[in-house]
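A.B. asks: sequence below, structure please.
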Amino acid sequence: MAGRDTILIVDDMEINRVILRGVFETDYNLLEAENGQQALVLLEQYHARIAAVLLDLVMPVKDGYQVLKEIGQDGLLSEFPVVVITAEDSVENEVQVFDLGASEIIMKPFEPHVVKRRVQNIVELNLHRLNQEELIEEQAAKLRESNSAMIDALSSIIEYRSAETGQHIRRIRIFTEALLEDVAVSYPEYGLADADIQMIVSASSMHDIGKIAIPDAILNKPGRLTKEEFEIMKTHSVKGCEILAGLDRMSDRKYLRYAYNICRYHHERWDGKGYPDGLKGDSIPICAQVAGIADCYDALTTDRVYKKAIAPEQAFTMILNGECGTFSPKLLECFKNVKDIFAQYSRKYADKMISRTDTLKPEPSSKANYAEAMDTLQMGQAKYFTLLRYVDSTVMEVDIGTGIYHMVYTANGNFSALKTGDGFEDSIRNFVKGSLHPEDRNPALDFLGPGLERFFEDGLLKESRKFRVYNESLRTYSWCECTLMRVSDGHPFQRKVLLIWKDIRHSDEAGEHQAVRMPGVGAIGQTLGGIQQCLNDKYFTLLQINEGLENLLGYKAAEIKERFHSRYLELIYPADREEVLEQTKKQLNVGNAIELEYRVVAKDGQVIWVLDKSHLVTGSDGKEHIFRTLINVTQSKQAQEELRLTLERHKIIMDQSNDVIFEWDMIKDKMLYSSNWKKKFGYTPVMDEASTRLLTQSHIHPEDLEPVEKLLSQMGGSMPYGEIEFRLADREGSYRWYKAKATAQFDRSGRAFKAVGIMTDIDAEKRASQELEDKASRDELTGLYNRSTARKEIDHYLENRNPEEMAAMMIIDVDDFKMINDRYGHMFGDAVLQETASVLTNLLRKEDIISRIGGDEFLIFMKDIRTVDILKNRAEKIRDSFQSMFQQDRTPCDFSSSIGIACCPEDGTSFEELFRRSDLALYHTKSKGKNGYCLFDSSLTEQRLGFPEPAATASTRIDPAGEQEKKTDDLIEQIFRKIYEEKDLERAVSSILEMAGSRFSVSRAYIYEESEDGSSYSNTFEWCNQGVDPQMGLRQKISYKMLSNQYKDNFNENGIFYCPDISLLPRDQREVLTPQGTKSTLQCVIRDGGVYKGFVGFDECVIRRMWTKDQISALTLIAKLLSIFLLKKRAQDRAEETAFSLKTALDNQNSWIYIIDPDSYRMRYINQKTLEIAPDVKTGMYCYEAFFGRTEPCAECPARNIRETGNKTIEVYNPVLKVWTVADASLIRWREQDACMLSCHDISRYKDS
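C.D. replies: Numbering: from 1, shown residues only. Sure, this is the predicted structure:
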């Protein structure tokens, strides 16, 4: 849910997408589609990121109604809202759209900002709904846990009544889960999802809940029950259901249904001989069948009051063979698969192994224990193929109704023609024509054609005929029996049959074939290559080989027998042996023919690639023999290996590159891409029908479809090379720029048949280029078009204008702007111009051209104006907006504007004409007292150009300058006094922030300081006005990486960052400041030696704040004073920290260390180890007095003349302390003075020895 940051705009009109893009691009990531099919492609890929879809109704390929219908069918309408934006305003249309699931309808033409607010409201409501659904699901999960705990408690009552069932419930759960998981994999028709399995496992605890109603004398009777007692015991299943019926107020009805079915029917049996209802077959719920097997197995393998436990193996045998009643054959197959799991947990959770207090702890899933084992379906298939190999018959499965056939098993190559043909009839015709004796062909076609219809009409189950089939090995025809076996599932219209071909030659003839002599060195032997006969055992034991194989390997038959014990497997290259064994087994599962490629090792050590074509027969000894024909394919394999290496090198290069290679087969209209596409984009690209689907169903930006179409057309024509730049959505749903370069390939007739190209990511370069172009085309202060760009845009429009379309040009002048600029400073004036630009942008349409043409003058060009009244209305809104500008903010003056307007084509059709006449109209407005607008007419043409002297501005509010300056001077004086009087500098900084914040009535005053490594910044001081929430605790160690734009770049050359409206900031910076409630901010940089170290800031959180020149100057001075003393404090802190670290390091040394004055020998520092041996020593004492009890310095003192020597080491015996030391003296600087550090190491143990 947190990732829903994307809006999909679906509209075939580019102008509508442009308008909507302008409304939402600052707040959302945008995807665009120009038809319904492309929208569905994007929704399939990015639906988890979509916040809303803005959908037009009338579009090509697929319209909006179809899109709504399909996303509704896919269940996506529950994920995000769809807002329909359309000009279709009929009631029927609205009803249909809402019925299809739309959340809102907005009619065209629309007001962009109204659309923005309505869409944002819908998005927020949907996100809230999704959040509520998550909370509800969490609460439901907790409720299920509570229900489970209650049920466990209820189930455990039975255990406490019956001493023999201590771990019974736990084991039943584990056995039920293991068996259900195998059933779910092997028989998906039961529809057992993971959630169902877990619910059934939990419900299985209730299977014997009815025993609570059985008398103790019967429940715990030691010995066999009488017939009457057993009848009473049997009632526990019905009694349990009565108990469960009383729980019908439980919210989870599905769970209760499972528990009811298990409790009532777990003693029912497949043949109908169970109780209480005598249900039969699949009328018994699957949950009860599984629980019944689990319960039966547990009863057999555990001690009961009436019997002793039996071994798990015996219990399995009894259940499989029906000694405990008949169970479902399907479930018994699954039961075989989980045999080891049942036995394992039977031992692990035996009644005597675990204390009763652990019985109800949840068990982990047993899936992992048999995830790798062969499932029931695989086991059944393996048995099937084993049987087919035994009967040695070719088997074909046929669906007569559809003509679909499946060659299940091919006994030998004589029947390979049955694998040809598009359907069963084709297959039979090909086989009969190519493999049957001419005399048998017509009878066979009749038997397998019309005869099949008679077979089903007569209701037969089996029918056979004999035909002669050509035997490729004997080069003659052999008799085979063809049998039809009906496959019946009881459905009257089911028409499936097994077609079985069995060789029925006489045994002596068969023996002759299997004793066939190996070809020797003659022509046939040389042609066939190496031939051998071996056993189908684990070594492929050789029985005979021909001369061709001896020549291939370089070994004689006798050498192979002596050296390798006739084991052909040992002649195979070691790395290939396991694969040969596995593939042989796999291929023999589907037929008697084998074809492999692998390596063998010759006598001279050469590794040879061979193609092995083999055939399996049963020898006269009753064993399986393999006849192998080996062909040397080393040269072709070497060529293949070289090609593989080449492709691998190519793949390595491509994996290391971000470029995508593509190839377009124009004949098949298919596009192929290099393997790194999926890794790069995360979705499957358009491949088939490329020239059509790339333009209607791809992730290409709609505005770039035209150049893509043009490139495809050029490549398909005579253009040998082409390149384009286009945008393509990436795996995150963001558009990136790519450059595609393609080269066409031509056939001999000069027709292009293929194009190969490369696609390179140029997003960074393209966006940088666009940013530079945009920067060059815009006014740096306001972000509006500059004069030259506006002129180009207007000229382009006028050249291509529809003659019937009306347009208009406005020139707007901010009244008395020079006086505002002079009185309040250029920064205040700049803020006024920025606010003016914001007002104009909000009032005008996206397609209108707005520019600042110099100073305080703005130019507006409005396209497609329907009436002059609309133009007048817009001019009045601009005038009124200027009068209310900053009205709610703390600003010292009022504002107004003068507007001149000229219309096209009435007043001119060129830029020069319209500009001159709108300028004349502006002059007329000013001459009439300003604060208004005027439309040009012919009466103004004679008026003199130029402007009269500015009228008096009585409405301008100006605070007395002297009073302002006096207040500021008083504040500065208080700050200086505070700094010099306050000993605690941090307290002084906090007080100064409070003084400045209160004086200028800001919401928050604060300081941010940068970390030592410059990677983050933290809020270290803060003062907040009344009602403003503190932020300092939340603003610690903030990484600069959070801001894509460099925040430091906001500060100008004077170190000031002034923003009267943070909504104008880049998105990433806005997202950081908005949660703090900031509306306006003024920040001053802290620098240390020219290096950025942080900033002092003042925020306004109530209204937008317009700072005057004097206020900015005063706050800048305060910030600089704070910076000076704060930097001094931080330097002091670092010095103290360094000194403390040094002292700590010295105190932790395993030596006696002290520092003395080199002239007086007075001690200035003593480390901890020295104080331990001489606790009475203090700084200020003479070292010779403190340690040696002397009245003057030692004659051999290493500190003597230390300034000349710099370092000296001697051995010294101290008779007072009775220790030998090595004393090392060094000249150092200590607290900005020369000092001598002595480090003494105890060497007494060496001297004593």
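
A.B. asks: mind listing the strands for the stretch 701-850 of the chain?
C.D. replies: Along the stretch 701-850 of the chain, counting by DSSP state E, counting those that start in this stretch, strands occupy 721-729, 735-746, 752-761, 807-814, 849-854.

A.B. asks: dump the ones you listed into a markdown table; add distance to Glu1071, mean pLDDT and mean neighbour count as well.
C.D. replies: Every residue, glycine included, has its C-beta placed from N, CA and C. Below are the strands of the stretch 701-850 of the chain laid out as a markdown table (distance: least, CB to CB, whole Å; pLDDT from 0 to 100; neighbours: other CB atoms under 10 Å):
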| stretch | distance to Glu1071 | mean pLDDT | mean neighbour count |
| --- | --- | --- | --- |
| strand 721-729 | 23 | 92 | 18 |
| strand 735-746 | 21 | 92 | 18 |
| strand 752-761 | 27 | 90 | 18 |
| strand 807-814 | 32 | 93 | 24 |
| strand 849-854 | 26 | 91 | 20 |
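
A.B. asks: for Met666, find the nearest of the ones you listed.
C.D. replies: strand 752-761 (5.5 Å; CB to CB).

A.B. asks: what is the closest one packed up against?
C.D. replies: strand 660-665, helix 705-716, strand 735-746 (3 or more CB pairs under 8 Å, 6 or more residues apart in numbering; DSSP states H and E).

A.B. asks: any chance of the ones you listed in JSON lines, plus distance to Ala311?
C.D. replies: Listed next are the helices and strands packed on strand 752-761 as JSON lines, based on distance: least, CB to CB, whole Å:
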{"stretch": "strand 660-665", "distance to Ala311": "63"}
{"stretch": "helix 705-716", "distance to Ala311": "73"}
{"stretch": "strand 735-746", "distance to Ala311": "67"}
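
A.B. asks: so which of these is nearest Asp216?
C.D. replies: Nearest of the helices and strands packed on strand 752-761 (CB to CB): strand 735-746, 76.3 Å.

A.B. asks: how about the secondary structure of Thr394?
C.D. replies: strand (DSSP: H, G, I helix; E, B strand; the rest coil).

A.B. asks: may I ask you to confirm that it is in contact with Ile500?
C.D. replies: Yes. Counting by CB atoms under 8 Å, Ile500 is a contact partner of Thr394 at 7.2 Å.

A.B. asks: give me the more crowded residue out of those two.
C.D. replies: Thr394 (25 against 22; other CB atoms under 10 Å).

A.B. asks: per-residue confidence for that one?
C.D. replies: pLDDT for Thr394: 89.

A.B. asks: for it, give its distance to Glu595.
C.D. replies: 17 Å (CB to CB, to the nearest Å).

A.B. asks: could you pull out the strands for the stretch 851-1000 of the chain?
C.D. replies: Using DSSP E, counting those that start in this stretch, strands in the stretch 851-1000 of the chain cover 857-862, 897-904, 932-935.

A.B. asks: per-domain residue ranges of this protein.
C.D. replies: Split into domains by automatic domain parsing, the chain comes to 6-136, 162-373, 378-505, 514-639, 657-768, 778-940, 961-1134, 1149-1248.

A.B. asks: residues contacting Gln198?
C.D. replies: Glu177 (CB atoms under 8 Å, 6 or more residues apart in numbering).

A.B. asks: residue contacts, the nearest residue to Lys926 once chain neighbours are set aside?
C.D. replies: Nearest non-adjacent residue to Lys926, counting by CB to CB, 6 or more residues apart in numbering: Ser898, 5.0 Å away. Contacts for Ser898 (CB under 8 Å, 6+ apart) come out as Ile812, Asp813, Asp815, Leu922, Thr925, Lys926, Lys930, Asn931, Gly932, Tyr933.

A.B. asks: by neighbours, which of the residues you listed wins?
C.D. replies: Going by other CB under 10 Å, Ile812 tops the contacts of Ser898 with 27 neighbours.

A.B. asks: isn't that one right next to Phe861, touching?
C.D. replies: No. In this structure Ile812 lies outside contact range of Phe861 using CB under 8 Å: 12.0 Å.

A.B. asks: burial count for the residue nearest to Ser998 when sequence neighbours are not counted?
C.D. replies: Using CB to CB, 6+ apart and skipping residues adjacent in sequence, the residue nearest Ser998 is Asn1025, 7.6 Å away. For Asn1025, the neighbour count with other CB under 10 Å is 17.

A.B. asks: what about Met1106, distance to Met827?
C.D. replies: In terms of CB to CB, Met1106 sits 10 Å off from Met827.

A.B. asks: these two: which is more packed in?
C.D. replies: Using other CB under 10 Å as the criterion, Met1106 and Met827 rank with Met1106 on top: 24 against 21.

A.B. asks: need the per-residue pLDDT for that one.
C.D. replies: 73.

A.B. asks: do you know how far it is from Glu1100?
C.D. replies: For Met1106, the distance to Glu1100 - CB to CB - is 10 Å.

A.B. asks: ditto for Pro1193
C.D. replies: Taking CB to CB, one finds Pro1193 at 69 Å from Glu1100.

A.B. asks: how about Leu616?
C.D. replies: For Leu616, the distance to Glu1100 - CB to CB - is 90 Å.

A.B. asks: between these two, tell me which one has more neighbours.
C.D. replies: Glu1100 (26 against 20).

A.B. asks: contact partners for that one?
C.D. replies: Neighbouring residues of Glu1100 by CB under 8 Å, 6+ apart: Arg890, Val1002, Ser1003, Thr1078, Lys1079, Ser1080, Thr1081.

A.B. asks: ok, now Thr235?
C.D. replies: Gly210, Ala213, Ile214, Pro276.

A.B. asks: re the thing from before, pick the most buried one from the strands of the stretch 851-1000 of the chain.
C.D. replies: Ranked by mean neighbour count, those are led by strand 897-904 with a mean of 25 (mean count of other CB atoms under 10 Å).

A.B. asks: what pLDDT, on average, does stretch 876-890 get?
C.D. replies: 77.

A.B. asks: so the residue nearest to Ile972 when sequence neighbours are not counted, which of the three states?
C.D. replies: Counting by CB to CB, 6+ apart, Ile972 lies nearest to Leu1117, which is 6.7 Å off, once chain neighbours are set aside. Using three-state DSSP, the structure places Leu1117 in helix.

A.B. asks: can you tell me how far Leu1117 is from Leu1238?
C.D. replies: Taking CB to CB, one finds Leu1117 at 51 Å from Leu1238.

A.B. asks: what's the closest of the strands of the stretch 851-1000 of the chain to Ser1039?
C.D. replies: strand 857-862 (39.6 Å).

A.B. asks: what's next to the closest one, contact-wise?
C.D. replies: The contact list for strand 857-862 (CB under 8 Å, 6+ apart) reads 784, 787, 790, 793-794, 797, 807-814, 836-837, 840, 844-845, 848-853, 871, 874, 915.

A.B. asks: stretch 790-803 now?
C.D. replies: Outside stretch 790-803, the residues touching it (CB under 8 Å, 6+ apart) are 785, 807, 809, 849-851, 853, 859, 861, 863, 904-905, 909-911.

A.B. asks: ok, Gly1033 - how many residues close by?
C.D. replies: 8.

A.B. asks: surely it is within a helix?
C.D. replies: Yes. Residue state for Gly1033 (three-state DSSP) corresponds to a helix.

A.B. asks: which helix or strand in this structure has the lowest average pLDDT?
C.D. replies: For the chain, the helix or strand with the lowest mean confidence is helix 507-514, at a mean of 39 (criterion: mean pLDDT, DSSP states H and E).

A.B. asks: tell me where the model's unsure across the stretch 801-950 of the chain.
C.D. replies: Where the stretch 801-950 of the chain drops to pLDDT under 70, the residues are 886-892, 941-950.

A.B. asks: what do you get if the cut-off is 50, keeping everything else the same?
C.D. replies: Scanning the stretch 801-950 of the chain for pLDDT under 50 picks out the ranges 942-950.

A.B. asks: so what's Val290 closest to, chain neighbours aside?
C.D. replies: Per CB to CB, 6+ apart, closest to Val290 is Leu179, 5.1 Å.

A.B. asks: also Asp426?
C.D. replies: Per CB to CB, 6+ apart, closest to Asp426 is Thr420, 7.2 Å.
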